[in-house]
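1. model the following, please.
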Amino acid sequence: MIIIKSADEISKMREAGRIVAGALEKLSGMAVPGMTTAEMDRAAKDYLKSKGAVPSFLGYRGYPASINTSVNNQVIHGIPGQRKLADGDIISIDIGAYKNGFHGDAARTFPVGKVKAQALELINITRECFLEGIKAAVSGGHVHDISRAVQDHAERGGYSVVREFIGHGVGRKLHEPPDVPNYKPKGRGPLLVKGMTLAVEPMVNAGGYDIKVLEDGWTVVTADGSLSAHYENTIVITGGEPELLTVL
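-> Down below sits the predicted model:
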């Protein structure tokens, strides 16, 4: 069942979302050569604690860390560890914060040091896919209007969107209905109505869209070894343009 949020509930989600945005801003400055992903994880956990929030991901379905740190060909769910970032890497950081009974969820991909132009273009295209998607996130439209806009923009640029992992509703639970694919399935999907809160999150690959999951059971990588980028915000459907909740 899709849960429509009240003004008070949206206000609480807005607070959780700002905490996520602040954590991402802090970690953007840590995306430098020599930094370990474990150090980034600790910094994120400490930041959330300082704001009275707890990590949404820690312990979720057994996940062992506070954030996802996915480097280069890793699409999502990369587990922080002793890997040191290197000049030319790109890193996708996905963070969830839980406060006052509600979750905020967002992700960004950051360049590390001096990266190739193709990698910067992938990062930019992924952000553009999100922006194109939310143009369709209006009351009276349908969820798959968002999906089509994301897929069309990625493929116009020669990129592909991951099929197996998608966006979702978010609120009291980290994952709620409806599903928000980044590709256009059959049908139009659920009707978008005021008060719906969604995590819209394009995952865009420089090569093909096929993926595989590593032996750790979490880390998702591109099957062909190509780079991947991720851009996500929690949004709320309004009477006009959607409001982004995971921004400062």
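2. OK, contacts around Thr238?
-> Ser139, Lys194 (Cβ atoms under 8 Å, 6 or more residues apart in numbering). Just so you know, the C-beta spots here come from the backbone N, C-alpha and C atoms, and that holds for glycine as well.
3. and for Phe165?
-> So Phe165 contacts Val75, Ile76, Met203, Ile211, Val220 (Cβ under 8 Å, 6+ apart).
4. from the chain's centroid, how far away is the longest helix belonging to the chain?
-> Of all the elements of type helix in the chain, the one with the most residues (DSSP state H) is helix 7-28. Taking the mean of its C-alpha atoms, helix 7-28 sits 13 Å from the chain's own mean (Cα atoms, centre = their mean, to the nearest Å).
5. swap in stretch 62-78?
-> For stretch 62-78, the distance to the chain centre is 11 Å (Cα atoms, centre = their mean).
6. before we move on, back to that, now, which of the contacts of Phe165 sits nearest Ser28?
-> Ile76 (18.0 Å; Cβ to Cβ).
7. the closest one bridge partners, please.
-> Beta bridges link Ile76 to Val220, judged by DSSP bridges.
8. from Met196, how far off is it?
-> 23 Å (Cβ to Cβ, to the nearest Å).
9. also Asp216?
-> When Asp216 is compared with Met196 (using Cβ to Cβ), they lie 34 Å apart.
10. which of these two has more neighbours?
-> Met196 (25 against 11; other Cβ atoms under 10 Å).
11. and the helices in the protein, which stretches?
-> Going by DSSP H, the chain shows helices at 7-28, 37-50, 117-135, 143-156.
12. what's the model's confidence in the second one, averaged?
-> Translated: helix 37-50. For helix 37-50, mean pLDDT is 98.
13. got it, and the longest one?
-> Per-residue confidence for helix 7-28 averages out to 98 on the pLDDT scale.
14. next, the contact list for Trp204, please.
-> For the record, residue 204 is Val, not Trp. Here Val204 is in contact with 122, 125-126, 129, 154, 159-162, 182, 228-230 (criterion: Cβ under 8 Å, 6+ apart).
15. which of the residues you listed lies closest to Gly169?
-> Closest to Gly169, out of all of these and judged by Cβ to Cβ, is Asn182, at 15.0 Å.
16. that closest one and His153, how far apart?
-> Asn182 is 10 Å from His153, by Cβ to Cβ.
17. again, but for Lys116
-> 21 Å.
18. now do Ala65
-> Counting by Cβ to Cβ - Ala65 and His153 are separated by 31 Å.
19. quick check: neighbours shared by Asn182 and His153?
-> Joint contacts of Asn182 and His153 (Cβ under 8 Å, 6+ apart) are Cys129, Gly133.
20. these two - which one has more neighbours?
-> Asn182 (27 against 22).
21. what sits against the more buried one?
-> Contacts of Asn182 by Cβ under 8 Å, 6+ apart are 129, 133, 147, 150-151, 154, 161-163, 166-167, 201-204.
22. farthest-separated two in those residues?
-> Gly133 and Arg163 (15.5 Å).
23. between these two, point out the one with more neighbours.
-> Gly133 (28 against 15).
24. got the confidence number for the more buried one?
-> 98.
25. test my guess that it contacts Gln151.
-> No: at 9.1 Å, Gly133 does not count as touching Gln151 under the criterion of Cβ atoms under 8 Å.
26. wait, doesn't Ala53 sit right on Ile19?
-> Yes: the criterion here is Cβ under 8 Å, and Ala53 meets it with Ile19 at 4.9 Å.
27. which neighbours do the two have in common?
-> With Cβ under 8 Å, 6+ apart, Ala53 and Ile19 have common neighbours Ala97, Lys99.
28. I'd like the contacts of Phe165 as CSV, with distance to Ser6 and pLDDT appended.
-> What follows is those, written out as CSV (distance: Cβ to Cβ, whole Å; pLDDT from 0 to 100):
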residue, distance to Ser6, pLDDT
Val75, 35, 98
Ile76, 31, 98
Met203, 31, 98
Ile211, 37, 98
Val220, 35, 98
